[in-house]
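Asker: predicted model, plus sequence, below.
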Amino acid sequence: MYLLDTNILSELIKKNPHPNFVYKLKSVPSEALFSASICVMELRYGAIKRGNIEDL
């Protein structure tokens, strides 16, 4: 089981995430990937702070 934090989720939504990171993450079954609800709120807060409402 992997608990993905905000930094990991943020990397994934970048236009060009680091290729090695994406490759490594693809090797993990999706059933083993989890995130905390606070991470979602942190990403929403960051989008609002940047003025990127469409990213919500």
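Answerer: All right, it came through fine.

Asker: where does pLDDT dip in the protein?
Answerer: Residues of the chain that meet the criterion pLDDT under 70 lie in 54-56.

Asker: need the contact list for the residue nearest to L33 when sequence neighbours are not counted.
Answerer: The spatial neighbour of L33 that comes closest, neighbours along the chain excluded (CB to CB, 6 or more residues apart in numbering), is Y2 at 5.4 Å. All C-beta atoms are positioned from the backbone trio N, CA, C, and that covers glycine. Counting by CB atoms under 8 Å, 6 or more residues apart in numbering, Y2 touches V28, A32, L33, F34.

Asker: number of nearby residues for the second one?
Answerer: Applying other CB atoms under 10 Å, we find 8 residues neighbouring A32.

Asker: what does the third one give?
Answerer: Using other CB under 10 Å, L33 has 13 other residues around it.

Asker: from L12, how far off is it?
Answerer: Here L33 is placed at a distance of 10 Å from L12 (CB to CB, to the nearest Å).

Asker: which residues are in contact with each of the two?
Answerer: What both L33 and L12 touch, as defined by CB under 8 Å, 6+ apart, is the set L25.

Asker: mind listing what's buried in stretch 31-50?
Answerer: For stretch 31-50, the neighbour count (16 or more other CB atoms under 10 Å) marks C39, E42, L43 as buried.

Asker: could those residues go into TSV alongside distance to P17 and secondary structure?
Answerer: Formatted as TSV, the buried residues of stretch 31-50 follow (distance: CB to CB, whole Å; DSSP: H, G, I helix; E, B strand; the rest coil):
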residue	distance to P17	secondary structure
C39	16	helix
E42	18	helix
L43	14	helix
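
Asker: redo those as CSV? Include distance to N7.
Answerer: Converted to CSV, the buried residues of stretch 31-50 look like this (distance: CB to CB, whole Å):
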residue, distance to N7
C39, 9
E42, 10
L43, 11
